[in-house]
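# mind folding the following:
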Amino acid sequence: METAWKFFSDPNNLDELTPKNMGFKILSDEPIASMYEGQTIQYKVAPILNIPLTWHTKITNVDEPSSFTDQQMRGPYKLWRHKHTFQDMGDHVIMIDELEYAIGYGVIGDIAYKLYVRNRLEEIFDYRYERTEEIFNQKDSIIDINESAFNEAPPTRPPSTSVFAKIS
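Presented below is the predicted three-dimensional model:
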């Protein structure tokens, strides 16, 4: 739990979990400390046609080491609330992404959702899952973290899952 918490609650690691084609960059000037309630972070992302957008999020809830929630304060969505939950299962930790979001923009937003946004969100969270697997479920990484956690069998449980709730 401690290792998962340290990694996921450090905003500087967001780049590791974001597809390169998103053009993700943290814009906040100061060095970003580990996550805390009330923290705001400004990013640049280019999710569509390489067009850069500014995104401001605020950490609205922290329950160390079990969960934290970020919420969009300014960005492309009408609503964006992303809760990260960590469950200690004894021999592994499951990280769950719960996302509540609303597109807005009326009929145009509905069309954009059907044609692009839904698939793009799935791609982003699939990438996040794959990177989590690469970072935490590789033999060398596991041995470095906890030698007793490694055995010859491949991982049998996913390290993370995603739950999406589109709100109209």
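# distance of the nearest residue to N12 once chain neighbours are set aside from H92?
Once flanking residues are discounted, N12 sits nearest to I32: 5.7 Å by C-beta to C-beta, 6 or more residues apart in numbering. Glycine gets a C-beta too; all of them are placed from N, C-alpha and C. Going from I32 to H92 by C-beta to C-beta, to the nearest Å gives 28 Å.
# so the two - more neighbours on which side?
A count of neighbours by other C-beta atoms under 10 Å puts H92 above the other of I32 and H92, at 17 against 14.
# just to revisit the earlier point, pLDDT score assigned to the residue nearest to N12?
pLDDT for I32: 74.
# quick one: low-confidence parts of this protein?
30-31, 138-168 (pLDDT under 70).
# what comes up buried for stretch 62-79?
V62, P65, S67, F68, T69, D70, Q71, Q72, P76, Y77 (16 or more other C-beta atoms under 10 Å).
# from the chain's centroid, how far away is whatever helix or strand M73 lives in?
Assigned by DSSP states H and E, M73 belongs to strand 67-74. Offset of strand 67-74 from its chain centre (C-alpha atoms, centre = their mean, to the nearest Å): 11 Å.
# partners of it, with directions?
strand 51-63 (antiparallel), strand 79-88 (antiparallel) (DSSP bridges).
# just those: most buried one?
strand 79-88 (a mean of 17; mean count of other C-beta atoms under 10 Å).
# what residues does that strand touch?
With contacts defined as C-beta atoms under 8 Å, 6 or more residues apart in numbering, strand 79-88 is touched by 1, 4-5, 8, 57, 60-61, 65-72, 93-102, 104, 167.
# again, only this time at 10 Å
If you take C-beta atoms under 10 Å, 6 or more residues apart in numbering as the criterion, strand 79-88 is touched by 1-2, 4-5, 8-9, 35, 55, 57, 60-61, 63-73, 93-104, 160-161, 163, 165-167.
# can you give me the strands in the chain?
Assigned by DSSP state E, the strands in the chain fall at 25-26, 40-48, 51-63, 67-74, 79-88, 93-102, 160-166.
# could you check the angle the fifth one makes with strand 93-102?
Which is strand 79-88. 170 degrees (axes from the mean of the first three to the mean of the last three C-alpha atoms, to 10 degrees).
# kindly report the same for the fourth one.
In terms of direction (the same axes, to 10 degrees), strand 67-74 departs from strand 93-102 by 30 degrees.
# make 39 the first number, not 1, from now on.
Sounds good: first residue 39 from here, last item strand 105-112.
# run the angle between strand 105-112 and strand 78-86 for me.
Using the same axes, to 10 degrees: strand 105-112 against strand 78-86 is 70 degrees.
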